[in-house]
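Chemist: Next input, structure requested:
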Amino acid sequence: MCLKCNLFDFILISNVLPFCSPRVPSLKRIGPHNINILNILIGSLLGDGSMEREGNGSRFAFYQEKSHGEYLLWLHRTISSLGYCKQEIPIIKTRKGINGEIRYFYRFRTFTYSSFNWIYDEFYPKPLGRKVIPKIIDQYLSPMALAIWIMDDGTLYKNKGLKFCTNSFTLKEIQYLSFLLKNKYSINSSIYKITAVNQYNIYIPKSSLNILIKIVKPYIHPSMYYKLNLV
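Modeler: Just a heads-up that it's a prediction; the model follows:
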């Protein structure tokens, strides 16, 4: 089963739902939301995705460097076709990097929904003020969400295994993710410390990579095949 078949079988329905209009106040955007869009949105929060509180609701923000533009534009097409963001194609923007170099990137946001507030509260609990891994992630770490996580934050490691760049999460949160990979999908992983203080990554060894590929390949955009050493 392909991602396109999974998602687009209900596009015609979602596009006429009243909460998917840009002119609807966030308090009236109450869902219900199809599990596929929740998997995409929550899967993105494991990687580069973020959320913002805006008035009475919350929205998702997606960001990718120009080198991953094809993936970002595909993600936008998918989410806009489901009625969750504007249809205007994101344009390339620039910003200064740490060393003053010019960085090129794409960025877009979803509409603001009051029915997204529970996701924001789970991933950005007060008073921490940072993104965390909530316990509810076990309910949403589907093959589709796992694929989004890989496309956002996965890296082929020495042409053998896969590394998740989980630098922003605590060791306890990363241990929970590692446990879920084993418990839900029988995927072995290890956690190793990187050079930065109190930062850790998850490593999927070559012995478990084939299991992972079988689970997520139907949902991986072709521009991201290289992350799994696929051709």
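Chemist: rest of the way, CA atoms for contacts and neighbours
Modeler: Will do.
Chemist: Helix, strand, or coil at the residue nearest the centre of the chain?
Modeler: By C-alpha atoms, centre = their mean, the chain has its centre lying nearest to S44, at 1.1 Å. Following DSSP: H, G, I helix; E, B strand; the rest coil, S44 is assigned to helix.
Chemist: if I pick it, what's in contact with it?
Modeler: 50, 145, 148-149, 152 (C-alpha atoms under 8 Å, 6 or more residues apart in numbering).
Chemist: Same question for stretch 39-58: list its buried residues.
Modeler: Going by neighbour count (16 or more other C-alpha atoms under 10 Å), the buried part of stretch 39-58 is 39-51, 53, 57-58.
Chemist: Also stretch 196-215?
Modeler: 199-206, 209, 212-213, 215.
Chemist: same check, this time on stretch 77-96
Modeler: Across stretch 77-96, burial judged by 16+ other C-alpha under 10 Å covers 77-86, 90.
Chemist: quick one: terminal-to-terminal distance for that stretch?
Modeler: Stretch 77-96 has an end-to-end distance of 27 Å (C-alpha to C-alpha, to the nearest Å).
Chemist: Looking at that stretch now, give me its mean pLDDT.
Modeler: What stretch 77-96 shows for mean pLDDT is 88.
Chemist: Likewise for stretch 106-124?
Modeler: Mean predicted confidence for stretch 106-124 is 93.
Chemist: Would you mind listing the buried residues in it?
Modeler: Across stretch 106-124, burial judged by 16+ other C-alpha under 10 Å covers 106-117, 119-120, 122-124.
Chemist: Can you measure across it, start residue to end residue?
Modeler: 24 Å.
Chemist: who touches it?
Modeler: 20, 22, 26-31, 42, 51-54, 56-66, 69, 72, 76, 84-86, 90-93, 130-134, 136.
Chemist: And stretch 160-178, by the same measure?
Modeler: By C-alpha under 8 Å, 6+ apart, stretch 160-178 touches 47, 131-133, 150, 153-157, 188-191, 198-206, 209, 227-228.
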